Structure formats: structure tokens, C-alpha cells
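Enquirer: based on what follows, work out the 3D shape:
(chains A and B)
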Amino acid sequence: DGGITQSPKYLFRKEGQNVTLSCEQNLNHDAMYWYRQDPGQGLRLIYYSQIVNDFQKGDIAEGYSVSREKKESFPLTVTSAQKNPTAFYLCASSTEQGEDGYTFGSGTRLTVV
Amino acid sequence: AQSVTQPDIHITVSEGASLELRCNYSYGATPYLFWYVQSPGQGLQLLLKYFSGDTLVQGIKGFEAEFKRSQSSFNLRKPSVHWSDAAEYFCAAMDSNYQLIWGAGTKLIIKP
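Expert: Numbers count the residues shown, from 1 in each chain, chains lettered A, B, ... in the order given. Purely as a prediction, here's the structure:
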């Protein structure tokens, strides 16, 4: 079955460390997205990519980095520059024009310890 | 700027009662409109979408939504809710760059 897979489901990070969240899709979607979700704040866009080897900053890109070396993969690195990284992170993908909406992964909960 | 508003942060309904979740959008043309549902600790699942044509669209899990151009609304409805419908619901509109603009979400609480 086609879908989008995020791993790990839970991740713990010590302060000052970089961590990378994985997102893989086998839907042949061109576009991929990373969102951050905090209680009571809905979905906030971190980065998105519409084609391989290209990506754009979203509303809250500071302290995060991404790469899009393969169509199927869009990993997100939470750097030590991100002051408040504890959150639920969602990855999504869509066709180029998004006519079917976005397909979401099941999320990664990152906690700073 | 384009925006999507969900006026209700929380809604509580009794099991078996009808449900309506409100969504208003601000956009010059008729946008593509979506409703998603999110269970705690999970990703979002698409319930239904509207592009054009019939203003009443049917979705999964017995949900429907009605597009009203005059009111810039796309409200989600269900005739009879079940305890398993307790979740957070998000309305979204697609902008001219194929990006989704999200509402803040409405948390649905079901009373037994």
C-alpha cells in the first residue's frame, strides 16, 4: 500500500544536540512538507519542497534544516539553534497541484530532556 | 491575505446528537476546500474535499460538508455522532501556489 512513513515515533534529544526526523513516501508525490504542531497552535509550516533538490522556508524555519536529494525522502534536522524543539512533527506529501489534498504521516513526537 | 477561520476551539455534543463544525475562508476566488480529522498522537486524515460543482460533498465516516459561496463557509456536518468521532478537526483551503492554509482546529468532545 502507498503511504508516508515517519520515524521514529518518539525521539528524545539532549539540549545542544542535532536530531534528524525521517520522512519517506512511496506515493510518487512531487511535493513534501514539514509541519510543527504545539497544543492549541494548530499546524505551522516549517519547510516544503515541490521538486527534488529544491525547498523553501515556511513560517517557522529558524533552527531547522531539510534536504530533498530523492523524490521519496524529505528528512528534517532539528538543530541546536532551535530553542524550543519539544513538539509533534508531521510530514505530508501531495501531487504537484495538490488536487487530492495532502497525505500525512503519523508523526514524530520530539522531547528535549 | 488568505485565511481560514474555525470559530470554535472546542465543541461538546452528546453521543447520537447531530454535529456542525464551522469553517469560514477569506479568498477572492472559490478555493479548493478540505476537512481533515486528527486523533490524539496521530497524523491527519482527509475526510472530504470540495473543488467545484455540487455544493454538498460527502466524505468518509458519514461526514458531509456544504459550501456556501455567499457566506464564504464550508461547514462540516454529521447527523449522529459516535464516541469514536472525538478528535480534532481541521479545515483548510488551497491557495494559488497549491499550499494549504489551515484553520486553527476544533476539538470535538463527545458526552456519553
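
Enquirer: could you use CA atoms for every contact and neighbour count after this?
Expert: Will do.

Enquirer: tell me, how many residues neighbour the closest residue to chain A within chain B?
Expert: Closest residue of chain B to chain A, C-alpha to the nearest C-alpha: B:G43 (4.1 Å). Per other C-alpha atoms under 10 Å in any protein chain shown, the neighbour tally for B:G43 reads 21.

Enquirer: which one is it nearest to, not counting chain neighbours?
Expert: Distance criterion C-alpha to C-alpha, 6 or more residues apart in numbering or on different chains; nearest residue to B:G43, sequence neighbours excluded, is A:S106 at 4.1 Å.

Enquirer: please look at that neighbour and A:P8 and confirm they touch.
Expert: No. Contact criterion C-alpha atoms under 8 Å: A:S106 and A:P8 do not qualify, at 10.0 Å.

Enquirer: who has more neighbours, those two?
Expert: Set A:S106 next to A:P8 and count neighbours by other C-alpha under 10 Å: A:S106 wins out with 23 against 15.

Enquirer: need the contact list for the more buried one.
Expert: By C-alpha atoms under 8 Å, 6 or more residues apart in numbering or on different chains, the contact set of A:S106 is A:5-6, A:9, A:90, B:41-44.

Enquirer: most surrounded residue in those residues?
Expert: Within the contacts of A:S106, A:L90 tops the neighbour count with 26 neighbours, counted by other C-alpha under 10 Å.

Enquirer: so that one makes contact with B:G41?
Expert: No. Using C-alpha under 8 Å, A:L90 is not in contact with B:G41, being 10.4 Å away.

Enquirer: list the residues that are in contact with both of those two.
Expert: Common contact partners of A:L90 and B:G41 (C-alpha under 8 Å, 6+ apart): A:106-107.

Enquirer: can you tell me the SS state at the residue lying closest to A:Q17 once chain neighbours are set aside?
Expert: Among residues not flanking A:Q17 along the chain, A:S80 sits closest, at 5.4 Å (C-alpha to C-alpha, 6+ apart). Assigned with DSSP: H, G, I helix; E, B strand; the rest coil, A:S80 falls in the coil class.

Enquirer: show me where the chain has its strands.
Expert: As the question left the chain open, I've gone with chain A. All strands of chain A, identified by DSSP state E, fall at A:4-7, A:10-13, A:19-25, A:31-37, A:43-51, A:54-57, A:64-66, A:76-78, A:87-94, A:103-104, A:108-112.

Enquirer: not quite, I wanted chain B
Expert: B:3-5, B:10-14, B:19-21, B:24-26, B:32-38, B:44-50, B:56-58, B:64-68, B:73-78, B:87-94, B:100-102, B:106-111.

Enquirer: in the first one, which residues are buried?
Expert: This points to strand B:3-5. Along strand B:3-5, these residues count as buried under the neighbour rule (16 or more other C-alpha atoms under 10 Å in any protein chain shown): B:4-5.

Enquirer: ditto for the third one
Expert: For strand B:19-21, a neighbour-count test (16+ other C-alpha under 10 Å) marks B:19, B:21 as buried.

Enquirer: now do it: distance to the chain's middle.
Expert: Here the centre of strand B:19-21 is set off from its chain's centre by 9 Å, with C-alpha atoms, centre = their mean, to the nearest Å.

Enquirer: that'll do, ta.
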